[in-house]
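J.: Predicted coordinates and the sequence they were generated for:
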Amino acid sequence: MAEKSKQKVGPVKYLEQVQQEGRKVVWPTPRETVTTSIMVLIMMVIFGIFFFFVDWFAANGTQFLLNIGIGDGPGTGG
C-alpha cells in the first residue's frame, strides 16, 4: 500500500481539487433520476404493505398466545 502524503493543502488548491473531482462524476440524466425515484416510491409502498401484514400477524399471534387458557370453559365462573 502506498502511503498518502500528509501535506497541508491551501484553500485555493483544495477547491481546485474539488472541482477536478467534480468533473469526474458521471451525473444521472433527468430520466434516470425520475425512473429511480419512482422505483423507490414503489418499493416503499410494497415494503409498507409487507410490514403492515407482518405487524398485524405478530400482534394477533401474540394476542392469541396470551389469551390461551382464558375463556368461558369449565371453572371460569361464566
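T.: Thanks, I have it.
J.: which stretches of the protein have low pLDDT?
T.: Scanning the chain with the threshold set as pLDDT under 70 gives 1-5, 71-78.
J.: the helices in it, which residues?
T.: For the chain, applying DSSP state H gives helices covering 11-24, 30-66.
J.: I'd like these laid out as JSON lines, including mean neighbour count.
T.: Just so you know, the C-beta spots here come from the backbone N, C-alpha and C atoms, and that holds for glycine as well. Converted to JSON lines, those look like this (neighbours: other Cβ atoms under 10 Å):
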{"stretch": "helix 11-24", "mean neighbour count": "9"}
{"stretch": "helix 30-66", "mean neighbour count": "10"}
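J.: Next up, phi/psi of T29, please.
T.: Main-chain dihedrals, T29, degrees, to the nearest 10: phi -80, psi 160.
J.: list the contacts for it?
T.: By Cβ atoms under 8 Å, 6 or more residues apart in numbering, the contact set of T29 is empty.
J.: what's the spacing between it and T35?
T.: T29 sits 9 Å away from T35, going by Cβ to Cβ, to the nearest Å.
J.: same check, this time on E21
T.: For E21, the distance to T35 equals 26 Å [Cβ to Cβ].
J.: what's F50 in contact with, if anything?
T.: F50 makes contact with no residue under the criterion Cβ under 8 Å, 6+ apart.
J.: Nearest the geometric middle of the chain, what residue?
T.: Central residue of the chain (Cα atoms, centre = their mean): M44, 8.8 Å from the mean position.
J.: OK, contacts around that one?
T.: M44 neighbours (Cβ under 8 Å, 6+ apart): none.
J.: V34 versus that one, what's the distance?
T.: Applying Cβ to Cβ, the value for M44 to V34 is 16 Å.
J.: ok, now G48?
T.: Between G48 and V34 the computed distance is 21 Å (Cβ to Cβ).
J.: How about K8?
T.: Distance, K8 to V34, by Cβ to Cβ: 43 Å.
J.: what do you get for P11?
T.: Separation of P11 from V34 (Cβ to Cβ): 37 Å.
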